[in-house]
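Student: what would the 3D arrangement of this be:
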Amino acid sequence: MKVGVVGLGTIGSRVAARLADDGSLHIVYNRTQSKAEVFASAHGVRHAKSAAELVRACDLIITGLSNDDAVRATFGAFAGIEVKGKTFLDMSTITPSISAALSSELKKRGASMLDVPVVGSAPMVERGEAVLLVGGDRAKFETLSPLLHKISKEVLYVGQNGSGLRLKLVHNLVLGSYVVALGEAVQFGLEGGLDPALIEKLLVSLSSVRSPNSALKVPKILNSDYSPQFSLKHMIKDLVIIGTEARLQGSAIPLGATALQLYTLAKKRGFSDEDFSVVAELFKREGAGKKG
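Tutor: Predicted coordinates:
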């Protein structure tokens, strides 16, 4: 089976690297050709000059793209290509209904598609510690499960197309609010005169609210290191999708809505491409609770 990866961003590049290291990757494509060339040279695989070329060359196509528009545009480029018998795994976090509609169109053309969003940061994907949430045909999932386990510690079948994405949105709703709370709490402690090392030890190692994300984000917040593991603009994109889905199903998400406002404010301050933990800078810059 020939496997190709379209999209070598923060997550896609690490997924592709794990597959290449396993000997399972055949070819890659990225809109910025130089990135694909460098990756292909480093990992001993081919690079395609277009997404269409990659699809023609592969049996299994993995896509990891930034948003709804990018996914629509990429799959639109496949419209004139014979895809019968091919399988698509989309690891992008997009609107569930769009993913389900794309899957339906591919099915009419004799192809299969699963939504396979990733739960986990870039370092977790790199170490094979991420979780994959899968929506789509169960038989196809079971066939591909061994490959999916090569790039993750856990693969969870969720249900029909789009359901993997819905569960991912549940995760990111919590994550978006949690990191805002971490930023607020860290600054509250610092302005109270506490030792930063003690704040870190509590939130990362001892507290009942510690988590893999507190271990990742608290040191970044304390050191003002916002090199992206998951960018602010992508968190905003996910919270916007969550807000739309919440309105459609009549769900109340007051914490998610507040978090979105804060991330949007951080974007206006020029932090769009930084790690989303940069939202903590709002509390520093605005001096929330600061002593006169």
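
Student: quick one, strands of the chain?
Tutor: Applying DSSP state E to the chain gives strands spanning 3-6, 27-29, 46-47, 60-63, 87-90, 112-115, 118-119, 131-135, 154-159.

Student: let's have those strands in TSV, adding mean neighbour count.
Tutor: In this view, the C-beta of every residue, glycine as well, is placed from N, C-alpha and C. TSV is the format used below for the strands of the chain (neighbours: other CB atoms under 10 Å):
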stretch	mean neighbour count
strand 3-6	28
strand 27-29	26
strand 46-47	19
strand 60-63	24
strand 87-90	25
strand 112-115	26
strand 118-119	22
strand 131-135	24
strand 154-159	16
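
Student: mind listing the residues bridging to Gly4?
Tutor: On the basis of DSSP bridges, Gly4 is bridged to Ile27, Ile61.

Student: isn't it right next to Ser24, touching?
Tutor: No: contact criterion CB atoms under 8 Å: Gly4 and Ser24 do not qualify, at 10.8 Å.

Student: any shared contact partners between these two?
Tutor: Counting by CB atoms under 8 Å, 6 or more residues apart in numbering, Gly4 and Ser24 have no contacts in common.

Student: and the strands of the chain as TSV, adding mean pLDDT?
Tutor: Formatted as TSV, the strands of the chain follow (pLDDT from 0 to 100):
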stretch	mean pLDDT
strand 3-6	98
strand 27-29	98
strand 46-47	97
strand 60-63	98
strand 87-90	98
strand 112-115	98
strand 118-119	96
strand 131-135	98
strand 154-159	98
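
Student: so for Glu142, which of these sits nearest?
Tutor: Among the strands of the chain, strand 154-159 comes nearest to Glu142, with 8.1 Å by CB to CB.

Student: in JSON lines: the strands of the chain, plus distance to Glu281.
Tutor: Converted to JSON lines, those look like this (distance: least, CB to CB, whole Å):
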{"stretch": "strand 3-6", "distance to Glu281": "33"}
{"stretch": "strand 27-29", "distance to Glu281": "35"}
{"stretch": "strand 46-47", "distance to Glu281": "37"}
{"stretch": "strand 60-63", "distance to Glu281": "32"}
{"stretch": "strand 87-90", "distance to Glu281": "33"}
{"stretch": "strand 112-115", "distance to Glu281": "33"}
{"stretch": "strand 118-119", "distance to Glu281": "26"}
{"stretch": "strand 131-135", "distance to Glu281": "29"}
{"stretch": "strand 154-159", "distance to Glu281": "33"}
